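Engineer: Build me a model:
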Amino acid sequence: MLTIIFESHGTTLDNEAGLSSGIFDVQLSELGKRQARELGDRYRTTDLAAVYCSDLQRSYKTAEIAFKGKSIPIIHDARLRECDYGTFTRRSVKEVEALRGAHVHNPFPNGESYEQTTARMKDFLRDALRAYDGKTVMIIGHRATQYGLEHWIRQVPLEEAVIASWKWQPGWTYQLEEI
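Structural biologist: Numbering: from 1, shown residues only. All right, here's what the predicted structure looks like:
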């Protein structure tokens, strides 16, 4: 069994501006950098075999700041990216939030669907379980990352996961036995 701790990346400049970044590679804000340090403090004594993050800087910079000076491998994996909102990239959060349910199976124009992001997660989870079975890993990711965790591990229908209200909290824990 693989224990997964999911944490969302720190606040970005787009978050502060009310924009949905999608796969746009936006920087962490000063608040996001502070949140990353706090994340590291929360898990100072947790035995993590690895920290996975997407290849978008808001994810991997959160990991690098949180675990600076620690001997924990930080692994960048593009399969953990946020959904590609296509023509809706960097549009208002309210606008994109209102469209989420319509893009569970149908891709955003010039982008991808949550079904596609969740398929990436299944492939990732299979590899992570093989590599770290019996251990604890952290994933620092995005909303689409968590939708995949909810769907594949907790068996939440994707249609429900995508439209459920989301509220930040300091970590979610998942137990993966098989995928």
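Engineer: Please count neighbours and contacts with C-alpha atoms only from this point.
Structural biologist: Will do.
Engineer: and stretch 134-145, which residues are buried?
Structural biologist: Residues of stretch 134-145 classed as buried by neighbour count (16 or more other CA atoms under 10 Å): 136-145.
Engineer: Let me know the closest of those to Ala50.
Structural biologist: Val137 (5.1 Å; CA to CA).
Engineer: As TSV, the buried residues of stretch 134-145 with distance to Gln175 would be great.
Structural biologist: Putting the buried residues of stretch 134-145 into TSV (distance: CA to CA, whole Å) gives the following:
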residue	distance to Gln175
Thr136	9
Val137	11
Met138	12
Ile139	13
Ile140	16
Gly141	17
His142	19
Arg143	18
Ala144	18
Thr145	15
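Engineer: quick one, which residue of this structure lies the farthest from its center?
Structural biologist: The outermost residue of the chain relative to its centre, with distances by CA atoms, centre = their mean, is Gly69 at 22.8 Å.
Engineer: part of a helix, is that residue?
Structural biologist: No: with DSSP: H, G, I helix; E, B strand; the rest coil as the criterion, Gly69 is coil rather than part of a helix.
Engineer: how much space between it and Asp133?
Structural biologist: Using CA to CA, to the nearest Å, Gly69 is found at 25 Å from Asp133.
Engineer: Surely Val156 touches Gln146?
Structural biologist: No: at 11.1 Å, Val156 does not count as touching Gln146 under the criterion of CA atoms under 8 Å.
Engineer: Looking at these two, which is more packed in?
Structural biologist: Per other CA atoms under 10 Å, whichever of Val156 and Gln146 has more neighbours is Gln146, with 23 against 15.
Engineer: State the distance from that one to Phe24.
Structural biologist: From Gln146 to Phe24 the distance is 18 Å (CA to CA).
Engineer: if I read this right, Ala36 contacts Ser59, doesn't it?
Structural biologist: No: assessed by CA under 8 Å, Ala36 is found out of contact with Ser59, at 9.7 Å.
Engineer: Now do the shared contacts for the two.
Structural biologist: 9-10 (CA atoms under 8 Å, 6 or more residues apart in numbering).
Engineer: could I have stretch 162-179 exported to PDB, CA atoms only?
Structural biologist: The C-alpha trace of stretch 162-179 is given here as PDB (Å, rounded to 0.1, in the frame of the first residue of the first chain):
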ATOM      1  CA  VAL A 162     -14.900  18.300 -10.700                       C
ATOM      2  CA  ILE A 163     -18.000  20.200  -9.600                       C
ATOM      3  CA  ALA A 164     -17.600  19.700  -5.800                       C
ATOM      4  CA  SER A 165     -16.800  22.800  -3.800                       C
ATOM      5  CA  TRP A 166     -13.100  23.000  -2.900                       C
ATOM      6  CA  LYS A 167     -11.600  24.500   0.100                       C
ATOM      7  CA  TRP A 168      -7.900  24.600   1.000                       C
ATOM      8  CA  GLN A 169      -6.700  22.500   3.900                       C
ATOM      9  CA  PRO A 170      -3.300  21.500   5.200                       C
ATOM     10  CA  GLY A 171      -3.000  18.200   3.300                       C
ATOM     11  CA  TRP A 172      -5.200  15.300   2.300                       C
ATOM     12  CA  THR A 173      -4.100  11.700   2.900                       C
ATOM     13  CA  TYR A 174      -4.900   8.800   0.500                       C
ATOM     14  CA  GLN A 175      -4.200   5.100   0.700                       C
ATOM     15  CA  LEU A 176      -3.500   3.400  -2.600                       C
ATOM     16  CA  GLU A 177      -3.600  -0.400  -2.600                       C
ATOM     17  CA  GLU A 178      -4.000  -1.100  -6.300                       C
ATOM     18  CA  ILE A 179      -4.800   0.700  -9.500                       C
END
